[in-house]
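Chemist: Build me a model from this:
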Amino acid sequence: MPSAIHPTAIIEPGAELDEGVRVGAYAYIGPQVQISKGTEVMHHATVDGSTRMGEDNEVHPYAYIGGKTHDKKYQGGVQRLHIGAGNVFREYVTVHCATNEELLTQVGDKNLILAYSHIAHECHIGNHLVMSSHAALGGHVVVGDHVNIGWGVGVHQFCRLGDHCMVGAASKVVQDVPPYLISDGNPAVARTVNKIGLERNGFSKEDIAQVRHVFKVFYKAGFNRSQAVAQLAADQAIDHPVVKTFLDFTADSERGLS
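Modeler: The predicted structure follows:
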């Protein structure tokens, strides 16, 4: 596919656009931007900062990708953002670069970021995220793969969202959300197993049963974290892959679990 650059678009000297990149009317591409083939930057959208964008992304009208960090520690210099392939950034989405050149904001592949959502500095986003409108991730948030974030969710700085978890609409997340669970509320707490999400992603009935068992041990049995791990070991469930993923996540938690 040949490139298609609208005559009103501004492409700053130094920007690198592969063959096949499309840029719409009145869009702006900054001087340190690199965009790979198949990506479309639609009319009135902006890509700025030291941003590397992979193939087949969509940047919809009025989105601002590669904006300056909100972090007050920023002292100037290069701000970096790396984006993978096949992502969709809908209208008015903002994704900010990192605070200094040693740090990085990173977005993986095939993520769908809906209108008015925000991804802050030093966030690390995995693959296949669905982030509904008006949601926001504070700085340094880490999001796993196949995560679903509902409308209007706010995630506090340094929180982590585990693989295949879901956060309900309008929730306030101030602690880590473990893999495979649905968290909801203000503040958000783990409510149940993300059964539908797991089924859609090919988890077996046995896998889902193990997740239910982990949820009951951690959240319903009255154990603290170390007691819950000991109980799972006694039940001989601790070596199951989904249990191991859950426990590895909880072992690294610094903010505690929702």
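
Chemist: Quick check: which ranges of this protein have low pLDDT?
Modeler: Along the chain, segments meeting pLDDT under 70 span 1.

Chemist: hey, which helix is longest across it?
Modeler: Taking DSSP state H as the criterion, the chain has its longest helix at helix 205-219.

Chemist: helix or strand right after that helix?
Modeler: helix 225-234 (DSSP states H and E).

Chemist: between that next one and helix 205-219, how big is the angle?
Modeler: Put simply, helix 225-234 runs at 140 degrees to helix 205-219, going by axes from the mean of the first three to the mean of the last three CA atoms, to 10 degrees.

Chemist: Strands along the stretch 101-250 of the chain, start to end?
Modeler: 105-107, 112-113, 118-119, 124-125, 130-131, 136-137, 142-143, 148-149, 154-155, 160-161, 166-167, 172-173, 181-185, 188-193 (DSSP state E, counting those that start in this stretch).

Chemist: can you put these in a markdown table and add distance to residue 69 and mean neighbour count?
Modeler: For the C-beta atoms, the positions are set from N, CA and C on the backbone; glycine is no exception. Formatted as a markdown table, these follow (distance: least, CB to CB, whole Å; neighbours: other CB atoms under 10 Å):
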| stretch | distance to residue 69 | mean neighbour count |
| --- | --- | --- |
| strand 105-107 | 8 | 24 |
| strand 112-113 | 18 | 22 |
| strand 118-119 | 11 | 25 |
| strand 124-125 | 15 | 22 |
| strand 130-131 | 19 | 22 |
| strand 136-137 | 13 | 23 |
| strand 142-143 | 17 | 22 |
| strand 148-149 | 21 | 24 |
| strand 154-155 | 17 | 23 |
| strand 160-161 | 20 | 26 |
| strand 166-167 | 24 | 26 |
| strand 172-173 | 21 | 20 |
| strand 181-185 | 27 | 22 |
| strand 188-193 | 25 | 18 |
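
Chemist: before we move on, the earlier item: chain center to the longest helix of the chain, what's the gap?
Modeler: Centroid displacement of helix 205-219 relative to its chain, using CA atoms, centre = their mean, to the nearest Å, is 25 Å.

Chemist: Packing partners of it?
Modeler: Here helix 205-219 touches strand 188-193, helix 195-200, helix 225-234, helix 241-251, going by 3 or more CB pairs under 8 Å, 6 or more residues apart in numbering; DSSP states H and E.
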